[in-house]
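K.L.:
The following block contains a protein sequence and its predicted model.
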Amino acid sequence: MSSLDILPKELLEIIFNLCDVYTVLQLRRVCKKFDIISSYVLNKKSNRLLVTNQMSEKFRERCKSLLSSYNSKFITHYNWKCGIAHRDTIYNAGSRETTRDMRINKKCLKMTKNTILFYDNDVLSVCNRAKNGNITENIMRRTCSCQFSSFAYCNDIIISGHVDGSIRHWKIESRNNINNLQQLKAHSNVYGEYVSNIEVTTQHIISSSSNLIKIQKNTFEDDDSAEENEPIYKSKKLIQSISLHPTKTKVAASTEESFLIYDINAKYFSCLVMDERINDSTCSQLLWENPHTILMLYERQIKKMDIRTSNFVRTWNTSVSKKNPKLHSFSSDYLYTVMTGTDIGSVRLWDQRFNNCIKTYQISLINSIRSNPVLSVQFDSSHMYTITELGSVTQLNFRHKIIFDHAARKKYFRNFI
């Protein structure tokens, strides 16, 4: 019997955890016992990496291809951190005359496991994602009679809000092996002005205008109750953003002076769960990370609130950087990584375990005095997608294989402890 066989599994795990990744990968080859312990340690180490985590179910559902090997996880992390990516322009509409109201989202992008959805003023587009996560060449487009101002996606249905106050349903339909976007239904006169935000569950559509939040049935039936409901919020204070709870039972809203949470399953939609005064009109977007914490996007900050105490537990500032850009949009992997779009045409990567920005990716390559803000940013474990104010949709693929010789591989993996 070897002396190593005498050591308990728990002690070996502590020892292996102190080793760098290259050493642990080598230890996997020693014996079956070492392989089991090494795999457990490598799994813990890889889950601490940027972007590549697969711990969050919500994030896994967005990932086209999961990173199955430890090599792919560590190499993809390295690519994100160093900005090594293959870049493609998916769509470029160019500048067009549109509404001048800065509160209306003239362009927006959403990401699912199999598709990328985006609108540009009055054009709705859908791109399919191939097995490797890249966008296919065929893009489905549909021009609407009224400009888009917000949209959401649920159960293969796209639900959009418009500047005329209407809400419309869209679906991808296939005829003779040709896919097309079809409008299924329009709820007219939901608001007297633009629909600024939409969140959707299988039962409800939660939407807002400048000073109203309404809930209506998510149905295709032509009944009056589906067309209009009493608002759950009505005030003179401007609504900035709404966000759906991970369990889809509550909705949060930020206004010019308050942070609100409503129970959307309550009878008559009248249950106000929280009303916290924050006295800040610059919170432009909410993102509910988990049942207890919510991220808030400000012009030059990201704040994290623990709703159990109503306190901000973390703050990340852009003021520490030289350019000090304004933040326009953000997305999360629901664990450590946050991506923010800026007003100078770049995306910033943040690790919630650190105070400062980790990496900046320059999206807009336009050499012009005119700024080109990133209005939406979405990402999974290997890809990032953005849409800018000037109308371009960009794909960055970070899943590039790095060719190592033995010495280079050893040096590379020893950087990870």
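P.N.:
Yes, it's here. Numbers count the residues shown, from 1 in each chain.
K.L.:
drop to CA atoms for contacts and neighbour counts, all remaining ones
P.N.:
Noted.
K.L.:
which residue ranges form the helices in the stretch 1-150 of the chain?
P.N.:
Counting by DSSP state H, counting those that start in this stretch, the segments of the stretch 1-150 of the chain that form helices are 3-6, 9-17, 21-27, 32-46, 57-60, 70-82.
K.L.:
can you tell which of those helices is closest to S241?
P.N.:
Counting by Cα to Cα, S241 lies closest to helix 57-60 out of the helices of the stretch 1-150 of the chain; the figure is 20.5 Å.
K.L.:
Check the average confidence over that closest one, would you?
P.N.:
Helix 57-60 shows a mean pLDDT of 88.
K.L.:
list the contacts for the residue nearest to T112 when sequence neighbours are not counted?
P.N.:
The spatial neighbour of T112 that comes closest, neighbours along the chain excluded (Cα to Cα, 6 or more residues apart in numbering), is R62 at 5.2 Å. R62 makes contact with M111, T112, K113, D380 under the criterion Cα atoms under 8 Å, 6 or more residues apart in numbering.
K.L.:
now the first one, which residues is it bridged with?
P.N.:
Right, M111. On the basis of DSSP bridges, M111 takes part in beta bridges with I116.
K.L.:
what's around it, how many residues?
P.N.:
Residues near M111, counting by other Cα atoms under 10 Å, number 21.
K.L.:
Could you do the third one as well?
P.N.:
One way to gauge burial is a neighbour count; for K113, by other Cα under 10 Å, it gives 17.
K.L.:
list the contacts for it?
P.N.:
Contact analysis of K113 by Cα under 8 Å, 6+ apart lists E61, R62, C63, K64, R129.
K.L.:
Compute the distance between the first one and R409, please.
P.N.:
Summarising the geometry, the distance separating E61 from R409, computed by Cα to Cα, to the nearest Å, is 31 Å.
K.L.:
for this protein, which spans come out with low pLDDT?
P.N.:
Along the chain, the model assigns pLDDT under 70 to residues 1-5, 93-102, 175-178, 220-229, 267-270, 279-281, 320-322, 366-370, 402-404, 417.
K.L.:
how near is the residue positioned nearest the centre of it to L349?
P.N.:
Taking Cα atoms, centre = their mean, the centroid of the chain lies closest to S331, which sits 3.3 Å from it. Going from S331 to L349 by Cα to Cα gives 10 Å.
K.L.:
With M339 instead?
P.N.:
Using Cα to Cα, M339 is found at 5 Å from L349.
K.L.:
again, but for R300
P.N.:
Distance of R300 to L349, computed by Cα to Cα: 14 Å.
K.L.:
Of these two, which one has the most company?
P.N.:
Comparing R300 with L349 by other Cα under 10 Å, the one with more neighbours is L349, at 23 against 17.
K.L.:
anything in contact with each of M339 and L349?
P.N.:
With the criterion set as Cα under 8 Å, 6+ apart, the contacts of M339 and L349 do not overlap.
K.L.:
Name whatever forms a beta bridge with R277.
P.N.:
With DSSP bridges as the rule, R277 is bridged to S258.
K.L.:
Now do the contacts for it.
P.N.:
For R277, the contact set (Cα under 8 Å, 6+ apart) comprises E257, S258, F259.
K.L.:
Test my guess that G133 contacts H383.
P.N.:
Yes - at 7.3 Å, G133 and H383 qualify as touching, with contact defined as Cα atoms under 8 Å.
K.L.:
what's the burial count for the closest residue to F413 other than its chain neighbours?
P.N.:
Counting by Cα to Cα, 6+ apart, F413 lies nearest to Y22, which is 4.9 Å off, once chain neighbours are set aside. Per other Cα under 10 Å, the neighbour tally for Y22 reads 17.
K.L.:
Contact partners for Y22?
P.N.:
By Cα under 8 Å, 6+ apart, Y22 lies in contact with K410, F413, R414.
K.L.:
The first one in helix, strand or coil?
P.N.:
Recorded secondary structure, K410: helix (DSSP: H, G, I helix; E, B strand; the rest coil).
K.L.:
can you tell me which residues contact it?
P.N.:
Taking Cα under 8 Å, 6+ apart, we find K410 in contact with Y22.
K.L.:
I'd like the distance between it and N47.
P.N.:
Taking Cα to Cα, one finds K410 at 21 Å from N47.
K.L.:
now Y153
P.N.:
Separation of Y153 from N47 (Cα to Cα): 28 Å.
K.L.:
Who has more neighbours out of the two?
P.N.:
Y153 (20 against 17).
K.L.:
How about the contacts made by that one?
P.N.:
Going by Cα under 8 Å, 6+ apart, the list of residues near Y153 reads I159, V200.
K.L.:
Equivalent analysis for L375, please.
P.N.:
With contact taken as Cα under 8 Å, 6+ apart, L375 is in contact with K107, C108, H328, S329, G341, T342, T386, I387, T388, E389.
K.L.:
Could you do G192 as well?
P.N.:
G192 is in contact with D164, G165, counting by Cα under 8 Å, 6+ apart.
K.L.:
ok, N179 to I172 distance?
P.N.:
Going from N179 to I172 by Cα to Cα gives 6 Å.
K.L.:
What of Y91?
P.N.:
Computed as Cα to Cα, the Y91 to I172 distance reads 19 Å.
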